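kindly generate the corresponding structure for this input.
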Amino acid sequence: MEHKAYWALKFLNFDEAASREQRRLQLLELEEMRLTAYESSRLYKERVKAYHDKKLLKKNFQPVQQVLLFNSRLKLFPGKLKSKWSRPFTINKVRPYGAVELCNPC
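Numbering: from 1, shown residues only. So this is what the prediction gives:
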């Protein structure tokens, strides 16, 4: 039985060093493909973020102006229609960098 295995390996030209080197090259290729995919994904995310940031409109709020509050953490349950927008609030004070103080609805 051993004799047949030897001839089968010889027939396939099985060289341990060559196969080891081939496997190492395949692993390097796989790593290169993974890094390329990671870089491609990062570039795509940057482009999408830049696109969405470009679409944002700058809002200048003034005291006594009424605004709706958007609750982004609200989870909608299936079958329930609940708005993510809260009742109108009045702006009390506008702080630097876009922060605003709200007071209870009038």
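
how far does the helix or strand where Leu30 lies sit from its chain's centre?
In this assignment (DSSP states H and E), Leu30 forms part of helix 16-55. Mean-position distance between helix 16-55 and its chain equals 16 Å (Cα atoms, centre = their mean, to the nearest Å).

buried residues, that helix. List them.
Within helix 16-55, no residue counts as buried by 16 or more other Cβ atoms under 10 Å. To be clear about C-beta, it is placed using only N, CA and C from the backbone, and glycine gets the same treatment.

adjacent strands (with direction) for the helix or strand following it?
Using DSSP H and E, the helix or strand that follows helix 16-55 in sequence is strand 66-70. Under the criterion DSSP bridges, strand 66-70 sits next to strand 85-94 (antiparallel) in its sheet.

so for the strand it pairs with, mean pLDDT?
Regarding strand 85-94, the rounded mean pLDDT is 85.

for stretch 40-54, same thing?
Mean predicted confidence for stretch 40-54 is 94.

again with stretch 69-82
Mean per-residue pLDDT for stretch 69-82: 66.

domain-wise, how is this protein divided?
Using automatic domain parsing, the domain parsing of the chain gives 2-55, 66-103.

gap between the two ends of the last one?
Looking back up the chat, that one is domain 66-103. 10 Å (Cα to Cα, to the nearest Å).

which residues does stretch 53-63 contact?
Residues external to stretch 53-63 that are found in contact with it (Cβ atoms under 8 Å, 6 or more residues apart in numbering): 67, 91-94, 98, 100.

so which bits of that stretch are buried?
Judged by neighbour count (16+ other Cβ under 10 Å), stretch 53-63 contains no buried residues.

can you measure across that stretch, start residue to end residue?
26 Å.

any idea how far that stretch is from the middle of the chain?
24 Å.

which one is Asn104 nearest to, not counting chain neighbours?
Nearest residue to Asn104, sequence neighbours excluded (Cβ to Cβ, 6 or more residues apart in numbering): Phe89, at 7.3 Å.
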